[in-house]
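A.B. asks: Have a look; sequence and predicted model below, questions after that.
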Amino acid sequence: MSGLYLHIPFCKKKCSYCNFHFSTQLQLKSKLIEMMGNELELRKNEMQTSIKTIYLGGGTPSLLNEDEILFLFHKIYSFYNTSELIEVTLECNPNDLSYDFLNFLKKETPVNRLSIGIQSFFDVDLKFMNRSHHSMQGEECIKMAQEVGFKNITIDLIYGGETTSDEQWIKNLEKAISLGVPHISAYALTVEPKTALENNIRKGKLPPADEDKQAKQFHILRNLLSKKDFIQYEFSNFGKQGFFSKHNISYWENLPYLGIGPSAHSYNGKDRRCWNVSNNVKYINAIEKNKLPLEIEHISDKDRFNETIMLGLRTYQGISLKILNENFSSSFLAIFNNEAQKLINDKKLICKDNYLTVNPEYLFLTDGIISQLFLID
């Protein structure tokens, strides 16, 4: 499977927790979209197989107007093989979605999956996160999307923040379930560098993240959704059967993807990763000269091994020991097997049918367990 990712680096407001590349200055939006079209043409030979998934992320792709969206799809269909295209996702904010816009997406574009940044159905949480919408817009936009015919809808929810009590978190999940949303991506509120949240914590205006609270709300999340036929197919992703994100699965399975736009990453599925400059002006200036503003990383066998471990253990399938044995050296495997056995003895890992998975009781500690299995110099 080959995936195509387009990064739309614009937002109406800067959320307090977000450190993705974006700008709230929209003057360059039309010019930058034009240059993304040029980049699609410049890199048309990098994707030799048919594209199976397209993902418009950001930033906020729903800030684009109809002409800009059609322009990007025209470029994709002009220069890439889309004969096997099965999933096209557009990230959007609730306050950007109207009946007219949703009807446009449904009838005039190939978009067949919406990823809506709800984050919470409570205004107190949204204000704390500095979101640009209010709680009622979250519920209303989901209903509108369903009315115009979108069935494949995922929403983002955030737990563990200072304003999110256990009771509110349960009500957030119950609201999503009652609305018939078939996929939920749920994230603990993380404190990222160079964000307003990090700055406020550093200055003592807010308390540090409460890991015990986050762990408790993570278990509430798993228990509640499992009773409603949601499958936790990746650490942060819960979907009903038939509604897993095909695009994101390609990342977790180490398959190739092409990233277009400022800060977007690409991977050849083997040993090369590259990414565009995280600066809108520099990106535009380079593409205008038919130059790709790329940094390139050649992935070592050790790094490839570590990424295989990280990606595998975050999914419900786990790590295939057969794939490890077929693709990596005996010296790597000897170190790995020794550390893995310790974790199995501690009941943090489970080995079954030649797959290694995290024990559900220790899922919230997944990142720490993964780090114990990394090869280090």
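C.D. replies: Now that the structure is in, tell me what you want to look at.
A.B. asks: When you work out contacts or count neighbours from here on, use the C-alpha atoms and nothing else.
C.D. replies: Will do.
A.B. asks: In terms of pLDDT, where does the closest residue to residue 63 other than its chain neighbours sit?
C.D. replies: Spatial nearest neighbour of residue 63, excluding adjacent residues (C-alpha to C-alpha, 6 or more residues apart in numbering): residue 96 at 6.8 Å. Here, the pLDDT recorded for residue 96 equals 95.
A.B. asks: so what's residue 357 closest to, chain neighbours aside?
C.D. replies: Per C-alpha to C-alpha, 6+ apart, closest to residue 357 is residue 318, 4.5 Å.
A.B. asks: need the contact list for the one you found.
C.D. replies: 312, 355, 356, 357, 358 (C-alpha atoms under 8 Å, 6 or more residues apart in numbering).
A.B. asks: again, only this time at 7 Å
C.D. replies: 312, 355, 356, 357 (C-alpha atoms under 7 Å, 6 or more residues apart in numbering).
A.B. asks: For the first one, give me its contacts.
C.D. replies: It stands for residue 312. By C-alpha under 7 Å, 6+ apart, the neighbours of residue 312 are 252, 318, 319.
A.B. asks: Name the helix or strand for it, please.
C.D. replies: Per DSSP states H and E: residue 312 is located in helix 301-313.
A.B. asks: helix or strand right after that helix?
C.D. replies: Past helix 301-313, the next helix or strand by DSSP H and E is strand 319-320.
A.B. asks: by contact count, what packs against that following strand?
C.D. replies: helix 301-313, strand 355-358 (3 or more C-alpha pairs under 7 Å, 6 or more residues apart in numbering; DSSP states H and E).
A.B. asks: Make TSV out of these and add distance to residue 36 and mean pLDDT.
C.D. replies: Formatted as TSV, the helices and strands packed on strand 319-320 follow (distance: least, C-alpha to C-alpha, whole Å; pLDDT from 0 to 100):
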stretch	distance to residue 36	mean pLDDT
helix 301-313	29	94
strand 355-358	40	96
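A.B. asks: ok so, going back, how many neighbours does the residue nearest to residue 63 have?
C.D. replies: 17 (other C-alpha atoms under 10 Å).
A.B. asks: ranges for the helices of the stretch 151-300 of the chain?
C.D. replies: In the stretch 151-300 of the chain, the helices defined using DSSP state H, counting those that start in this stretch lie at 166-178, 196-202, 211-226, 246-252, 280-288.
A.B. asks: Quickly, which of those bottoms out on average pLDDT?
C.D. replies: Mean pLDDT values for these show the minimum at helix 196-202, a mean of 88.
A.B. asks: if we look at that one, which residues are touching it?
C.D. replies: 16, 17, 191, 192, 206, 207, 208.
A.B. asks: Now for the second one: which residues touch it?
C.D. replies: Spelled out, it's residue 17. 129, 191, 192, 195, 196, 197.
A.B. asks: Contact partners for the fourth one?
C.D. replies: Going back to what we said before, that points to residue 195. Applying C-alpha under 7 Å, 6+ apart, one finds that residue 195 lies in contact with 16, 17, 18, 19.
A.B. asks: at 10 Å what do you get?
C.D. replies: Counting by C-alpha atoms under 10 Å, 6 or more residues apart in numbering, residue 195 touches 14, 15, 16, 17, 18, 19, 20.
A.B. asks: Now do it against residue 17, distance only.
C.D. replies: 6 Å (C-alpha to C-alpha, to the nearest Å).
A.B. asks: Strands along the stretch 1-150 of the chain, start to end?
C.D. replies: 2-8, 51-58, 87-92, 113-119 (DSSP state E, counting those that start in this stretch).
A.B. asks: Who are the packing partners of the second one?
C.D. replies: The helices and strands touching strand 51-58, judged by 3 or more C-alpha pairs under 10 Å, 6 or more residues apart in numbering; DSSP states H and E, are strand 2-8, helix 66-79, strand 87-92, strand 113-119, helix 246-252, strand 257-260.
A.B. asks: Rounded mean pLDDT for it, please.
C.D. replies: For strand 51-58, the mean pLDDT works out to 96.
A.B. asks: so what strands line up beside that strand?
C.D. replies: strand 2-8 (parallel), strand 87-92 (parallel) (DSSP bridges).
A.B. asks: hmm, back to that, dump the strands of the stretch 1-150 of the chain to CSV, plus mean neighbour count and distance to residue 144.
C.D. replies: Converted to CSV, the strands of the stretch 1-150 of the chain look like this (neighbours: other C-alpha atoms under 10 Å; distance: least, C-alpha to C-alpha, whole Å):
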stretch, mean neighbour count, distance to residue 144
strand 2-8, 24, 24
strand 51-58, 22, 20
strand 87-92, 21, 13
strand 113-119, 23, 12
